[in-house]
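Novice: I'd like to go over a predicted model; first the sequence, then the structure.
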Amino acid sequence: QVQLVESGGGLVQAGGSLSLSCAASGRTFSSYHVGWFRQAPGKEREFAAVISGGGGRRLYADSVKGRFTISRDNAKNLVYLQMNSLKPEDTAVYYCAAAASWSGRMYERLNYDYWGQGTQVTVSS
């Protein structure tokens with residue numbers, strides 16, 4: 001069982017930065033791959049980024065590539081999402097999720113076994 005808690009959301013102006021954190025419980029956290037998804041009002045939850053358990057593999061959605069960076073600190077059971085050059089279209093609730101297995105479809109929600117409650121990110125124009 002893994003419990004995930006996101007933090008770090010807030011209100012920021014376009015062009016600004018925010019850093020999100022995902023804190024996980026469980027002694028086997030390093031064996032889980034962790035992704036960040038986001039859901040804007042009226043839209044489906046979409047993939048943003050994922051990092052493998054050991055941190056050696058990272059994938060990004062095209063919409064955030066070059067602006068967002070995912071990282072993790074397994075000693076602290078934390079995963080981060082550094083978001084730079086934020087745009088109003090980045091406004092969404094951001095969720096972290098943990099997956100026990102790595103597949104070729106880490107951008108799909110069905111691959112993930114555990115989810116956090118989400119943190120709101122609002123980017124004003």
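Specialist: Received it, and whenever you're ready, just let me know what you need.
Novice: how close does the most centrally placed residue in the chain get to Ser125?
Specialist: Of all residues in the chain, the one closest to the mean position by C-alpha atoms, centre = their mean is Trp36, 2.1 Å from it. Separation of Trp36 from Ser125 (C-beta to C-beta, to the nearest Å): 23 Å. (Each C-beta comes from the backbone N, C-alpha and C, glycine too.)
Novice: for Gly9, same thing?
Specialist: 18 Å.
Novice: Gly35 too?
Specialist: 28 Å.
Novice: ok, those two, which is more surrounded?
Specialist: Gly35 (27 against 9; other C-beta atoms under 10 Å).
Novice: host element of that one?
Specialist: strand 33-39 (DSSP states H and E).
Novice: the following helix or strand past that strand - contacts with which helices or strands?
Specialist: Going down the chain from strand 33-39, the next helix or strand is strand 46-51, by DSSP H and E. Here strand 46-51 touches strand 33-39, strand 58-60, strand 68-73, strand 78-83, going by 3 or more C-beta pairs under 8 Å, 6 or more residues apart in numbering; DSSP states H and E.
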